[in-house]
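Undergrad: My questions are about this predicted structure, shown below with the sequence.
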Amino acid sequence: NAGVTQTPKFQVLKTGQSMTLQCAQDMNHEYMSWYRQDPGMGLRLIHYSVGAGITDQGEVPNGYNVSRSTTEDFPLRLLSAAPSQTSVYFCASSYGTGSSTEAFFGQGTRLTVV
Amino acid sequence: GNSVTQMEGPVTLSEEAFLTINCTYTATGYPSLFWYVQYPGEGLQLLLKATKADDKGSNKGFEATYRKETTSFHLEKGSVQVSDSAVYFCALRTNSGGSNYKLTFGKGTLLTVNP
């Protein structure tokens, strides 16, 4: 059971480039989300989805797009990369949206924008 | 809104020392509380959780008790090991709908345990 798989693990982009961070889960979880982790900031929610075809914005959505065409996949697109988007990105999934539900995290993508 | 405050790190301890990492929260509604751990180079893993007042979550020798009266969920371990070196995140989630489905995290506490 692979859990939550993120690719790539590392990426360097030039300012203005676009790219897609991939996230896939094989646990049939309905709820998926993207967080960014910055030093001294904890994790902040970028976008989330409560099921295929349904997405919504989190705390810090600017500069990012998401879509959810299948239950398994939840890609995060950077439209025009900026140095402020240098961060570690985590995808997470959970089997429900109840308050006690455990979230499962991928191993992260370390993105550097130069 | 929801927020989590945890003690600033880094925390450096010797092996077999007692560990406490403080965590307090504010929340609308009745939250569930979590401790997640992030080992070097890895994603976050659930360490323990508690879903109602006075519940104690425990795992791998770590414990935390949900204290509604003090809005706290402090993490403790009686005897830490080198392998416990990691970043620890306190988090909460409420069930009030909308983006309240999200986990709200503290800033994380880096723990280093020396042999």
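TA: That came in fine, so what should we check first?
Undergrad: Could I get the full set of strands for the chain?
TA: Picking chain A for this. With strands called from DSSP state E, chain A shows them at A:4-7, A:10-13, A:19-25, A:31-38, A:42-51, A:54-57, A:64-66, A:76-78, A:87-94, A:104-105, A:109-113.
Undergrad: wrong one, I was asking about chain B
TA: Under DSSP E, chain B gives strands at B:3-6, B:11-14, B:19-21, B:23-26, B:32-38, B:44-50, B:56-59, B:62-65, B:75-77, B:86-93, B:104-105, B:109-114.
Undergrad: Compare those and give me the one nearest residue A:96.
TA: Distance to residue A:96, taken as Cβ to Cβ, is lowest for strand B:86-93 among the strands of chain B, at 11.1 Å. Just so you know, the C-beta spots here come from the backbone N, C-alpha and C atoms, and that holds for glycine as well.
Undergrad: before we move on, back to that, mind putting the strands of chain B into TSV with mean pLDDT, mean neighbour count and distance to chain A?
TA: Shown next, in TSV, are the strands of chain B (pLDDT from 0 to 100; neighbours: other Cβ atoms under 10 Å in any protein chain shown; distance: least, Cβ to the nearest Cβ, whole Å):
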stretch	mean pLDDT	mean neighbour count	distance to chain A
strand B:3-6	94	18	8
strand B:11-14	97	14	15
strand B:19-21	97	18	14
strand B:23-26	96	19	12
strand B:32-38	95	25	4
strand B:44-50	95	20	4
strand B:56-59	97	15	11
strand B:62-65	98	20	14
strand B:75-77	98	20	15
strand B:86-93	94	25	5
strand B:104-105	91	24	4
strand B:109-114	96	17	10
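Undergrad: wait, which of these is closest to residue A:26?
TA: Closest approach to residue A:26 among the strands of chain B is made by strand B:44-50 (17.4 Å; Cβ to Cβ).
Undergrad: Now do the closest one: everything it contacts.
TA: A:43, A:90, A:92, A:100, A:102-103, A:105, B:32-39, B:56-60, B:62-66, B:73, B:75, B:88-89 (Cβ atoms under 8 Å, 6 or more residues apart in numbering or on different chains).
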